[in-house]
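Asker: Okay, here's the prediction I keep looking at, along with the sequence it came from:
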Amino acid sequence: MSPSPSSKSWVRFDPLLALVSIPVAVFLIFVELETPKANIPQAVGPEVMPIGILLLLVVNAFVLFVQAVYGKGKPPAAAAPIAAGASSESWVKKYQAVLLVLAGLIFYGLILVPIGFILATTFLIIYEARLLQPGKWFRNAGVGIGVSVGVYLIFVKLLNVMLPAGILG
Amino acid sequence: MLFSFRVVTLTPPLSREPGEGDRVSNRGKDHEVMDLLANLSLGFSHALSWQNILFCFVGALLGTVIGVLPGIGPVVGISLLLPITFSMNPTSAVIMLAGIYYGSAYGGSTTSILVNAPGEAMSVVTCLDGYEMAKQGRAKSALATAAIGSFFAGTLATIATSLIALPIAEFALRFAPPEFFALMFLAMTTVGALTAEAPLKGMFSTLIGLFLAMVGIDQQTGQVRFTFGIAELADGIDFVVAAIGLFAVAEVLVQAEEISRTGAPERFQVQGAYWISWQELKDSFKPYCRGTLVGYLMGALPGIGPTTSSFLSYALEKKISKHPERFGKGAIEGVAGPEAANNAASTGALVHLLALGIPGSATTAIMLGAFIVYGLQPGPLLFQKNPDFVWAIIASMYIGNVILLILNLPLVNLFAKLLDLPAAILYSLVLTFCCVGVFTLRFAVLDIFLVLGFGVIGYFMKKHKYPAAPMLLALVLGDLMEQALRRSLALSDGDWTIFFTRPISLVILVIAAIFLVIPLIMFLRRKARSRGGN
């Protein structure tokens, strides 16, 4: 997937989104049509609005696609920086920071209940802060521990909202 | 309670049929003034309780902080704090949320003036002359102009809201389901069509939000829709999860990508309290008035909002100025007008939220969702069923503006120091509060993954200029809109012409059609012109 300089982000993202949206919307229309209906007499059933929305989405996506392809010779100014980035960087490198932030959050979701709020949140803060600004271990650790303990105490002691205690519980 | 007054509220029929043509009471002007004073007294009696003053102060303070911090807007701030407010008294909670909302309009200018990086989109235009003033050694004047203008506009806009919100609500009592459907349709078309560079993208975003609102159990028949066997989705997609993901997580992802490419901008230091000269105040007065008028009128229209109104105000000031060449080089009018406009617009946007139950922006959409969670019924009946709530919110806005002026004039340098907070710490804390906020909604880890999903969606929307606000607005309003549609059609035995045979509904739909068609025509003309230019 190495686009030519003329087929930049504007051309790639919008038509791709439109092309994916149309079959997904059509699939969802069939899902709704196939869903067994409750035997309640109604002027308008629960399927009308979702199907109407999905039909409009199909039309909208189609017009978006046509517009994106139609205007491919001249991507709008707003899309140009994205396009410039896309052509000079590999996909993984471009999204590296984003992927690492997401990885940290996914890991946080997985460990939150087993190891508890304080340890998981301390990890999250140290990890994300380290990711955004290398070094500063002591500062990040201090903020991580302070914030996680502080938030835990506020929620549990002040607001009576239970947070997972985990292995420290 | 500090005061006790007789409260005058409307007494509508308990149920109404379409076409009934309600007639609102024919009281004289004197009675209306007395009603207004009594209602405001009721509001102040609640707003002046020490708890509500405290929450108003906290909201104003947080709003200023949120406004100062780049990338953290009122949508993010309110989304993050919303889960905490669910255990609070609804009046106190909304007073605090409203404080954050209009407080952020105060704080946004500080960063624009001192760093040339707007804390808020609505303060972008303040950079043009505010930063130039700072470079000329007039940072104190610029900051004071912005703070006084914000106070002036915020207070006048609150007075206007006090005067017109009830009459609008009275008028809206004539509304039946077809009118509400038309009104929600109008809100979505304007927000969808006006907030995007390309209207089609705004509409796409709106339709996705509407579809997401359909997920879960149908209230009328109990039919499960689009859950694909995931039990946690039976209650639908929580708007808080969507809001935090689309705005807060997405913002951090964008910042994470950008952070390594940009260095910290230079910040002008301001020592001590500050004030402006009498001449500067005189020069600012007319722009304050014009900005307030433009901002309030624009803010009261769904989809326009503070950002557009601040740009309109700037354009107006430049157009009528005898020395337009000074604009962009430190003209005080270029700070005064837009700052008044964005504050007036923020307050104006609360009018249709309170009087009609129709939000016009992502922030007010979240507040509407909060109303529903608090067990309040948004819409014109809110003034009757919960007058203490509505008038306490309005009264708190008077108090909040005074608090904000006191906070912003002498303490601006303290707030400016927030800009020294390392971005790594700021954004990792935001991510932490995102996770804590969504997890505590129902203690489901799934919500953390859902917020991540919305974060990724929001990130790509941001990168490719798809506005997230219409999606959130549609998600909040979608269910209400469907109920209004089905009730309307139940009343007409399935006859869809009900929306076009009722005058109010027809007028609203015609306005919606205009809002829908005009941006499309303009967009197509722009495209045609740009092609012709090549």
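Answerer: Yep, it's here.

Asker: Lowest-scoring secondary structure element of the chain by mean pLDDT?
Answerer: No chain specified, so I'll use chain A. Of all helical and strand segments in chain A, the minimum by mean pLDDT, DSSP states H and E falls on helix A:80-88, at a mean of 46.

Asker: My question was about chain B, not that one.
Answerer: Min over SSEs of chain B, mean pLDDT, DSSP H and E: helix B:412-416 (a mean of 74).

Asker: distance between stretch B:92-108 and the chain's centre?
Answerer: How far stretch B:92-108 lies from its chain's middle: 10 Å, per C-alpha atoms, centre = their mean, to the nearest Å.

Asker: In this structure B:Met397 contacts B:Ala165, no?
Answerer: No: in this structure B:Met397 lies outside contact range of B:Ala165 using C-beta atoms under 8 Å: 11.1 Å. (Glycine included, C-beta is placed from N, CA and C.)

Asker: any idea how far A:Lys136 lies from chain B?
Answerer: 7 Å (C-beta to the nearest C-beta, to the nearest Å).

Asker: got a list of what that residue touches?
Answerer: A:129-130, B:422, B:424 (C-beta atoms under 8 Å, 6 or more residues apart in numbering or on different chains).

Asker: biggest helix in the chain, by residue count?
Answerer: Looking at chain A here, since you left the chain open. In chain A, assigned by DSSP state H, the helix with the most residues is helix A:9-34.

Asker: Let me rephrase: I mean chain B.
Answerer: Max-length helix for chain B by DSSP H is helix B:139-172.

Asker: re earlier: which pair in the contacts of A:Lys136 spans the largest distance?
Answerer: A:Arg130 and B:Pro422 (11.7 Å; C-beta to C-beta).

Asker: ok, which stretches of chain A are helices?
Answerer: Using DSSP H, the helices of chain A run over residues A:9-34, A:48-70, A:80-88, A:91-94, A:96-115, A:117-132, A:137-153.

Asker: between the ones you listed, which one is nearest to B:Glu482?
Answerer: helix A:48-70 (4.6 Å).

Asker: what residue ranges in the chain score low on pLDDT?
Answerer: By default, I'm working from chain A. Where chain A drops to pLDDT under 70, the residues are A:1-11, A:71-93, A:169.

Asker: Chain B, not that one
Answerer: B:1-30, B:70-71, B:117-121, B:192-197, B:260-275, B:302-305, B:527, B:530-534.

Asker: What sits closest to B:Val224 if chain neighbours are left out?
Answerer: B:Ile217 (5.5 Å; C-beta to C-beta, 6 or more residues apart in numbering or on different chains).

Asker: Pull the contacting residues for the one you found.
Answerer: Taking C-beta under 8 Å, 6+ apart, we find B:Ile217 in contact with B:223-225, B:234-236.

Asker: For the stretch 201-350 of chain B, what lies in contact range of chain A?
Answerer: For the stretch 201-350 of chain B, the contact set with chain A under C-beta under 8 Å from any C-beta of the partner chain comprises B:201, B:203-204, B:207-208, B:210-211, B:214, B:218, B:220-226, B:249, B:252-253, B:255-257, B:259-260.

Asker: which ones among the residues you listed are found in strands?
Answerer: For these, membership in strands holds for B:224-225, with DSSP state E as the criterion.

Asker: I'd assumed B:Leu353 was in contact with B:Thr364.
Answerer: Yes: when contacts are counted by C-beta under 8 Å, B:Thr364 is listed as touching B:Leu353 (4.6 Å).

Asker: Between those two, which is the more surrounded one?
Answerer: B:Thr364 (29 against 24; other C-beta atoms under 10 Å in any protein chain shown).

Asker: B:Trp278: neighbour count?
Answerer: Residues lying near B:Trp278 (other C-beta under 10 Å) number 8.

Asker: now the one 5 residues further on
Answerer: When counting by other C-beta under 10 Å, one arrives at 16 neighbours for B:Asp283.

Asker: In contact with the closest residue to it other than its chain neighbours: list those residues for me.
Answerer: Among residues not flanking B:Asp283 along the chain, B:Ile332 sits closest, at 5.3 Å (C-beta to C-beta, 6+ apart). Neighbour list for B:Ile332: B:129, B:133, B:141-142, B:145, B:280, B:283-284, B:287 [criterion: C-beta under 8 Å, 6+ apart].

Asker: List phi and psi for B:Ile332.
Answerer: phi -70, psi -30 (degrees, to the nearest 10).
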